[in-house]
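Undergrad: my questions concern the predicted model and sequence given below.
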Amino acid sequence: MYSRLHKCARAGLHHRLTSQHYSTGILKKKESQPRLIQPGKTLHGFLCTEVEHIKEYNMTAYFLVHEKAKTEYLHLERDDSNNVFSVGFRTTPLDSMGTPHILEHTVLCGSEKYPVRDPFFKMLNRSLATFMNALTGPDYTFYPFSSQNEIDYRNLQKVYLDAVFKPNLARLDFLQEGWRLEHSNIEDKSSDLTFKGVVYNEMKGAFSETGSLFGQKFINTILPEGTYGYVSGGDPLHIPELTHSFLKDFHSRYYHPSNSRIYSYGNFPLDANLKFVNEAYLSKYAYLDPKHSIVQPQPRWKSPKRSEITCRVDQYGVPIEKQNQIAIGYVMSDITNIYETFMTLALSELMIIGPNSAFYKSLIEKNISGGYNSLTGYDNQIRDTLFVVGLKDVEASKFEMVESIVNQTLEKIHKEGFEKDHIESVLHGFELSIKHQSPKFGLNLLFNLMPLWNHNGPILNALKVNSLLNQLKSDLMDPKFVKNVIEKNFIQNNHKLTMTMKPDPKFDDLFNEAEARNLATRVKSLTEKQKEDIYKEGVELSVAQKKAQSLEVLPCLKIDEITLNKTAPPIKHTVSETIPLQLCEANTNGVTYFKGVIGTDCLDEAQKELLPFFTYVATKFDTKSYNYRDFDKYVSKTTSGLGFLNHITEHIDQHGQYEQGLVISSHCLDEYLPKMMDIWSEIFSKPDFSNTERMKMLLNNYCSSLSNGVIDSGHTYAMQAARSLISSVDECKEHLMGLHHVITMQEIQKKQPIEQVQATVDQISKMTLNGTNLRAAFHYCNTNADIHLCIDHFCKRLCKGVDNKDMNRINWIDSRTFPKDNRGIHIQMNIPVNFCAKVIPTVPYTDPDYAKLRVLSRFITSKYLHPIVREQNGAYGGGAMLTLDGVFNYYSYRDPNSRVTLDVFDETSEWMTKNTELVDDQNLFEAKLSILQQMDQPIAEYMKGIDLFLFGLSYDIWKTQRERVLAVTKEDLIEVCNKYLSRDKWSGKCVIGEGSKDLKEGGVTWETISGPQQ
Ligand SMILES: [Zn+2]
């Protein structure tokens, strides 16, 4: 799935204070609501065909069909203020030119009513959207957003609908977003031609990411007929076959109301939605039979097949001879068979997840690999659903053995079935997840329903989870049922693919050669006229990109339309035994939530280095009363699972101080609270880490998981590494979470005897898992009567025999001071694009200048970095952000040109001096609005007051910050820009990727790091 904002801009907006906050999804019980419309009635051109009350989610579903265009419309009415809207299309190309993906980008380049380049990105600053995105899946494209503000919601609706139904699809936009030939020096006709384009580069990046390459090839091979045989995002070697006229034609056939599905969710009136979509768009279209977009079920194979592919070498991965993967997959039922897909989901949990599952026992515990690969699991996002089990980091010589183990395991399940209490624990997980008020409820429903709806599946029935669950309960307990399913879906299933992937040191060269050949053929066939056009269009595009745009046509929220929608959370602080508690009664729908912070100040450096690994293993061993398999059953039968994470947080007003520790968390149905606390008591009474084989296996799996994701979020790694050059809290984070940690763990894996690892893990557990070392937070409903008794009991158990009554758990660590020279770190990686970062220390959160810098970061992102780094220099994204302790971060994402980008970062204050007229009322307001977008995100009930608990950030401090943001003036922006961001300020830099030869310029001392595998 390619998501336009997901990986760059949204990730760039990521800020710790708001990243965990989404919809509240509060359920206020309103039993008998008058229905908006009855089945058989029409409203604004729509015929209502079905209305259902969905008891489990306390909402009412309305299904409507437009009478003329036959557009399908689903409205989920629910008392939730975080309203969602989405328009989607079934997009099923029969080639790999990436048409739907390029179309997704190009429709967002200006439309009839809003002829503005990138209105989508521009709306990011003119809205209080809690989510905005555009996504291309293998067979659909959809455009969702959410907002709590109704004026904003209507604004976004207008821009979105005009973009998809009435886009300009101008030729220059196609060239910019899709692909083009361009002179390496635009002004110089004699300079070489190269391939350029946003999607072209994006897909080059995606194809160098091993996990997504394997996933893509696997689907193409196991479902070769029809649309799944192709790359919907675009294969870089085929993208240049796409023409502008084909793109326009594709739009008229696929982005037609008759091929579209519209969704709305929340408490805004349906009537206004229907009226608007009907009058402005749907009523103007004639019906077009969407048969061309239908996906036919895949013809089933008569015998299994196998296939081999190659990938790039992961420089930061395990030794090359182990960097192989294998995946064995089966085509399962049609997606529209909702009970089958629901049942298979449960089955895949029973077979794959946790130490009691069959494949975990037979494959993972054999310790021949780095664990399951990313394909493993049940994929029910496409018409023919897939069950895959696969391993990563496994020697090629073990492939045969893996295949026979998989077959034996299936035979064993066929013969013996599943244990009853294992089935119960999986069912419990389903029940708990229905009750848990997920922060993005309306969006999650959309993401779950869209693939099913796309193939005309029974979406209203799919929402009635309780009835599916009841049937599942009785079926799974019947051994005959399980036996039949395994026989039919696996043992006798001939539509089976075994695919292996091996690294090839020449992988990148081969791609580059193919690209060069592609380029040469294309250039050779150009006529003089075409060459002239390429030159002209290159110049034209670069002029167009630099042209200032008038954004007045775009709607924008106004200052008086913004209201403060948060109140201080009702939290209470108390102490039980020696444990400080933060208690919050909230509307948690019968679920109780626990969080704890454990201090790790007492550890030495070698122990701290292993902390992330400790969090990975801490809940996976035998405890005092249980062996690890029984313990896992106990955990999954009563809780959501146990969370164990590293916690490093900067002091919000003391520059250079930080807290280091671990965060633990879990939740459960109210009635299981005593059991959940008993489970944590087991952990606090120290697990037994003496099982050497298990420790070895977990270490291998852990190390294999580490280098994943570097390419996907390279900009966060780059910022992290750059920050480690200027601040000791970030040096600490780099050691625990950055690439530094990846390298350290590989050293440990290679050189340290496992007994030493065991001993360190054991010491960490003995030194940190104490009642004296914990502070805890609980969120619970007023219906949970036993809560206080239960918490007290837990605290007593943890503090038994402890006399230390020192309750101040926060041990702030003082930073060491860094020499103030400008340093850079170049992290060598064999990928075709770069990630760049520059960081400058400024002031912490509570300083009055902080809010000004925060607004400035948004201002220069949208007015300076985005236009230059993305639109002119061809990076996928670029921006600036501020951390809690006031490190100002610049980044670029999938960047073809690191040197230029670093210069752009350096020139910020000069640019500002020359462009002060850009700091006008509207631009200033937009920058503020995008900060409020983060600050005003709805907070889930179970997250209320958590900023205070984790980061010391109270509601009052937050509110002051919000007021300061609103009060920032034009003069403030210019002043802080000169004061903090001028070229001569102390800074750190980082480039991940091949870099460029001229990196070393500019008075910066560069250090190069390269991975162990070359
Ligand atoms: Zn894209």
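TA: Arrived safely.
Undergrad: please enumerate the strands of the stretch 701-850 of the chain.
TA: Taking DSSP state E, counting those that start in this stretch, the strands of the stretch 701-850 of the chain run over residues 774-780, 813-814, 823-828, 834-841.
Undergrad: cool, the stretch 51-200 of the chain as well?
TA: Under the criterion DSSP E, counting those that start in this stretch, strands of the stretch 51-200 of the chain are mapped to 59-66, 72-77, 83-90, 131-132, 135-136, 140-147, 180-183, 193-196.
Undergrad: which stretch among those strands comes nearest the ion?
TA: strand 135-136 (6.9 Å; C-beta to the ion). Using the backbone N, CA and C atoms, a C-beta is placed for each residue, glycine as well.
Undergrad: what pLDDT, on average, does that closest one get?
TA: Across strand 135-136, pLDDT averages out at 88.
Undergrad: which neighbours does it have in its sheet, and in what orientation?
TA: Counting by DSSP bridges, the strands paired with strand 135-136 are strand 2-3 (antiparallel), strand 140-147 (antiparallel).
Undergrad: ok so, going back, and the strands of the stretch 701-850 of the chain, which one averages the lowest pLDDT?
TA: Lowest mean pLDDT within these: strand 813-814, at a mean of 78.
Undergrad: got a list of contacts for that one?
TA: Residues from elsewhere that reach strand 813-814 (C-beta atoms under 8 Å, 6 or more residues apart in numbering): Asp601, Gly656, Gln657, Tyr658, Glu659, Gln660.
Undergrad: can I get the residues you listed in CSV with neighbour count, distance to Leu519 and pLDDT?
TA: Listed next are these as CSV, based on neighbours: other C-beta atoms under 10 Å; distance: C-beta to C-beta, whole Å; pLDDT from 0 to 100:
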residue, neighbour count, distance to Leu519, pLDDT
Asp601, 16, 57, 86
Gly656, 18, 51, 74
Gln657, 20, 54, 81
Tyr658, 21, 50, 86
Glu659, 22, 53, 88
Gln660, 21, 51, 89
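Undergrad: out of those residues, list just those in helices.
TA: The members of the contacts of strand 813-814 all map outside helices under DSSP state H.
Undergrad: in the stretch 551-700 of the chain, what residue lies closest to the ion?
TA: Closest to the ion within the stretch 551-700 of the chain is Leu554: 21.7 Å, counting by C-beta to the ion.
Undergrad: helix/strand/coil for that residue?
TA: coil (DSSP: H, G, I helix; E, B strand; the rest coil).
Undergrad: before we move on, back to that, let me have the strands of the stretch 51-200 of the chain in a markdown table, adding mean neighbour count as columns.
TA: Shown next, in a markdown table, are the strands of the stretch 51-200 of the chain (neighbours: other C-beta atoms under 10 Å):
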| stretch | mean neighbour count |
| --- | --- |
| strand 59-66 | 21 |
| strand 72-77 | 23 |
| strand 83-90 | 24 |
| strand 131-132 | 21 |
| strand 135-136 | 23 |
| strand 140-147 | 25 |
| strand 180-183 | 21 |
| strand 193-196 | 18 |
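Undergrad: which one of those lies closest to Thr619?
TA: Across the strands of the stretch 51-200 of the chain, Thr619 has its closest neighbour in strand 131-132 (31.9 Å, C-beta to C-beta).
Undergrad: put the alpha carbons of the lengthiest strand in the chain into CSV.
TA: As assigned by DSSP state E, the longest strand anywhere in the chain is strand 657-669. Taking Å, rounded to 0.1, in the frame of the first residue of the first chain, the C-alpha atoms of strand 657-669 are listed here in CSV:
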residue,chain,number,x,y,z
GLN,A,657,18.4,16.8,31.9
TYR,A,658,16.6,13.6,31.1
GLU,A,659,14.9,10.5,32.6
GLN,A,660,15.7,7.0,31.5
GLY,A,661,13.6,4.0,32.2
LEU,A,662,11.2,1.5,31.0
VAL,A,663,7.4,1.8,30.3
ILE,A,664,5.2,-1.2,31.0
SER,A,665,1.6,-1.4,30.0
SER,A,666,-1.4,-3.7,29.5
HIS,A,667,-5.2,-3.6,29.7
CYS,A,668,-7.9,-6.1,30.5
LEU,A,669,-11.7,-6.5,30.9
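Undergrad: other SSEs contacting that strand?
TA: Here strand 657-669 touches helix 420-435, strand 591-599, helix 611-617, strand 643-650, helix 673-684, helix 728-737, strand 813-814, going by 3 or more C-beta pairs under 8 Å, 6 or more residues apart in numbering; DSSP states H and E.
Undergrad: find the helix or strand that the closest residue to the ion within the stretch 201-350 of the chain is a member of.
TA: The nearest approach of the stretch 201-350 of the chain to the ion comes at Glu202, 4.8 Å away (C-beta to the ion). Using DSSP states H and E, Glu202 maps to helix 198-207.
Undergrad: in that helix, what's buried?
TA: Across helix 198-207, burial judged by 16 or more other C-beta atoms under 10 Å covers Val198, Val199, Tyr200, Asn201, Glu202, Met203, Lys204, Gly205, Ala206, Phe207.
Undergrad: direction-wise, compare the next helix or strand after it with helix 198-207 and give the angle.
TA: Following the chain from helix 198-207 toward its C-terminal end, the next helix or strand by DSSP H and E is helix 210-222. Put simply, helix 210-222 runs at 90 degrees to helix 198-207, going by axes from the mean of the first three to the mean of the last three C-alpha atoms, to 10 degrees.
Undergrad: next helix or strand past helix 210-222?
TA: Next in sequence after helix 210-222, counting helices and strands by DSSP H and E, comes helix 244-254.
Undergrad: list the buried ones in that next one?
TA: Neighbour-count burial for helix 244-254 flags His244, Leu247, Phe250, His251, Tyr254 (criterion: 16+ other C-beta under 10 Å).
Undergrad: how close does Pro346 sit to Leu468?
TA: You called it Pro, but residue 346 is Ala. Note on Ala346: its distance to Leu468, by C-beta to C-beta, to the nearest Å, is 10 Å.
Undergrad: okay, those two: which has more neighbours?
TA: Comparing Ala346 with Leu468 by other C-beta atoms under 10 Å, the one with more neighbours is Ala346, at 22 against 19.
Undergrad: and the helix or strand the more buried one falls within, what does it pack against?
TA: Following DSSP H and E, one finds Ala346 within helix 338-352. Applying 3+ C-beta pairs under 8 Å, 6+ apart, one finds that helix 338-352 contacts strand 325-334, helix 358-359, strand 377-379, strand 384-391, helix 420-435, helix 465-476.
Undergrad: quick check: angle from it to helix 465-476?
TA: 60 degrees.
Undergrad: what residues sit buried inside helix 338-352?
TA: Buried residues in helix 338-352 (16+ other C-beta under 10 Å): 338, 340-352.
Undergrad: so where's this protein uncertain?
TA: By pLDDT under 70, the low-scoring segments of the chain are 1-34, 708-709, 802-811, 997, 1001-1002, 1014.
Undergrad: quick one: Ser208 from Ser245, how far?
TA: 31 Å.
Undergrad: dump the strands paired with strand 135-136 to CSV, plus distance to the ion.
TA: Formatted as CSV, the strands paired with strand 135-136 follow (distance: least, C-beta to the ion, whole Å):
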stretch, distance to the ion
strand 2-3, 5
strand 140-147, 11
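Undergrad: no further queries at this time; thank you.
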